[in-house]
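Chemist: Predicted model, plus sequence, below.
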Amino acid sequence: MIEVKGVSKSYGAHEVLRQVSLEVEPGQVVAIIGPSGSGKSTFLRMLNGLEGFNGGSIRIDGHDLSVPRELQQVRRQVGMVFQQFNLFPHLTVGRNVTIAQRLVLKESKAAAEKRARRLLDRVELSEKWGSYPSQLSGGQQQRVAIARALAMEPKVMLFDEATSALDPELVGEVLDVMRSLASEGMTMLVVTHEMGFARNVADRVLFMDGGRIVADGPPGRLLDNPEDERLIQFLRRIGNHERSDPTPVSGAQPA
Amino acid sequence: MAFHWTAIPRFIPQLLAGAQLTLLITLAAMALGIAIGAAMAAGRVSRFRVLRLLAGLYVEFIRNTPALLQIFILFFGMPSLGLRMSAVTAGSIALGLNASAYLAEIFRAGLNGVPAGSREAAIALSFSRLHMLAYVTTPLAMRAAWPAFCNLVISILLASSLLSAISVYELTGITNDISTKTFLTFEVYSIAALFYVALNIAVSLLLALTGRLLFPPQSR
Ligand SMILES: Nc1ncnc2c1ncn2[C@@H]1O[C@H](COP(=O)(O)OP(=O)(O)O)[C@@H](O)[C@H]1O
Ligand SMILES: [Mg+2]
């Protein structure tokens, strides 16, 4: 589904990603953890062309990201959820979820609204159809943002710290939606500080540091028996402790 | 010194006609100003250096010369280039050019006020450039620019009184005329001032109402 080969990225002389390679199978849920500034956001944003890359290649569902014409194809198939939600503030919830269907997918109004209502129902916000983003809580806004991305019927969903801007008591409702998506077989790349999510929902955890993927493996091995010294230190710093609670809704944030 | 307020009512129709022309000139100047101002704002954020430079020069030149002089150039200067216009036309165009420089700055500030996140979301949803401009950038920039835009409309309405200097019978021009013919100087100018206040209140209310319709407070 996702095939990244030897991709690098620099801002001037500052090398942000160094020779990153990664393959993700359809339906896989990959949690990406790592210290701030390690290149997690940059890596995720590259996967839908929000950032360019220097060298290497990226293919998503067979489409080559370095070909401008394929880039639009890729963006349709890759949904992105941002830390700051990034809903369109001047549009109602309903319009936020229908607009790309109408403009990009050329859906009829009726079809777009039908799908939007189904998705809003799914994130339990159907009664907010006519509200504006500013009238919603952060958790509600993020759920609308997820519905908006899903409306494009993507094959891959990218989450960049989707719960980091939320008040602790609102984190759970967003994680619940992400968890249910994962259980339905959506391919997901999730940059997160929620170790509970990484441990219990992800099939695989990547640890990034200094622009490289330093460790890559199933959560049990990576989080409970880490071998890499930097990973051990990182986990210690963010206070990773044994937790097998299946619905961890703690909003514990790393320092 | 005695005032003759009772003599005023028979001039009201003339003053109303003047007020109407004032509104028309303001409207024409704003229309021209919006068209040129939008183009200049686009020039100022263009990726081409030459366009940025030219638009910048235009804006700075206009903002650093008196509006009255601009009116004189259009009305007295253009005929020597073979372009003859009525005073109302020349004056409205001059005022429109004047407004365009300020509007260019207002629009540019509006563009800077578009949240980067909204633009990224549109890209991630694979909007085309045109769709992004029409559905995201423009409405959000307009929303950000609206208060400054409303202020400018009032400024231009007031500045339209400068057209009296080239004998346009807008509100100030007609007042001058009545004043010199009747010597009711204080009375007619006071009434004209009230007319301006009333015009500005009406225009402000209309703009505020429009703003509420276009940009409901909850959509911020
Ligand atoms: N637009 C940019 N210009 C210059 N440097 C940037 C830019 N975006 C990110 N960086 C740098 O790239 C590095 C990785 O950033 P980022 O991908 O946001 O890390 P993370 O998401 O892991 O915190 C950081 O050192 C950051 O300062
Ligand atoms: Mg980040």
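Modeler: Good, I have the coordinates. Numbers count the residues shown, from 1 in each chain, chains lettered A, B, ... in the order given. Ligands and ions are numbered 1, 2, ... in the order given.

Chemist: Any regions of the chain where pLDDT drops low?
Modeler: Going with chain A. A:240-255 (pLDDT under 70).

Chemist: You answered for a different chain; I wanted chain B.
Modeler: Residues of chain B that meet the criterion pLDDT under 70 lie in B:1.

Chemist: Over in it, which residue gets nearest ligand 1? Let me know.
Modeler: B:Ala116 (10.9 Å; C-beta to the nearest ligand atom). (Glycine included, C-beta is placed from N, CA and C.)

Chemist: list the contacts for that residue?
Modeler: Going by C-beta atoms under 8 Å, 6 or more residues apart in numbering or on different chains, B:Ala116 touches no other residue.

Chemist: Likewise for B:Arg63?
Modeler: B:Arg63 sits next to B:101-102, B:105 when contact means C-beta under 8 Å, 6+ apart.

Chemist: Could you do A:Val144 as well?
Modeler: Counting by C-beta under 8 Å, 6+ apart, A:Val144 makes contact with A:85, A:87, A:93, A:96-97, A:120, A:123, A:125, A:128, A:133, A:136.

Chemist: Helix or strand for it, just tell me which one.
Modeler: In this structure, A:Val144 sits in helix A:138-150 according to DSSP states H and E.

Chemist: right, and the helix or strand after that helix?
Modeler: Using DSSP H and E, the helix or strand that follows helix A:138-150 in sequence is strand A:156-160.

Chemist: so what strands line up beside that following strand?
Modeler: When pairs are called by DSSP bridges, strand A:156-160 turns out to pair with strand A:78-81 (parallel), strand A:187-191 (parallel).

Chemist: how about the ones you listed in TSV, adding mean neighbour count and distance to B:Leu194?
Modeler: Compiled in TSV, the strands paired with strand A:156-160 are given as follows (neighbours: other C-beta atoms under 10 Å in any protein chain shown; distance: least, C-beta to C-beta, whole Å):
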stretch	mean neighbour count	distance to B:Leu194
strand A:78-81	27	57
strand A:187-191	25	63
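
Chemist: Which one of these lies nearest to ligand 1?
Modeler: That would be strand A:187-191 among the strands paired with strand A:156-160, by C-beta to the nearest ligand atom, at 6.6 Å.

Chemist: Can you name the residues of chain B that neighbour chain A?
Modeler: B:115, B:117-118, B:120-128, B:131, B:135-136, B:139-140, B:143, B:215-216, B:218-220 (C-beta under 8 Å from any C-beta of the partner chain).

Chemist: Select only the buried ones of the contacts of A:Val144 in PyMOL?
Modeler: Remark: buried members of those, expressed as a PyMOL selection using 16 or more other C-beta atoms under 10 Å in any protein chain shown:
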select buried, chain A and resi 85+87+93+96+97+120+123+125+128+133+136
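
Chemist: Max pairwise distance over the contacts of A:Val144: which two?
Modeler: A:Phe85 and A:Leu120 (14.9 Å; C-beta to C-beta).

Chemist: And the closest residue to B:Ala121 other than its chain neighbours, its phi and psi?
Modeler: Among residues not flanking B:Ala121 along the chain, A:Asn86 sits closest, at 4.1 Å (C-beta to C-beta, 6 or more residues apart in numbering or on different chains). Dihedral pair for A:Asn86: phi 60, psi 40, per degrees, to the nearest 10.

Chemist: A:Asn86 against B:Ile123, yeah?
Modeler: No. Taking contacts as C-beta atoms under 8 Å, A:Asn86 lies outside contact range of B:Ile123: 10.4 Å.

Chemist: Looking at the two, which one has more neighbours?
Modeler: Counting neighbours by other C-beta atoms under 10 Å in any protein chain shown for A:Asn86 and for B:Ile123 shows that A:Asn86 has the greater number, 23 against 17.
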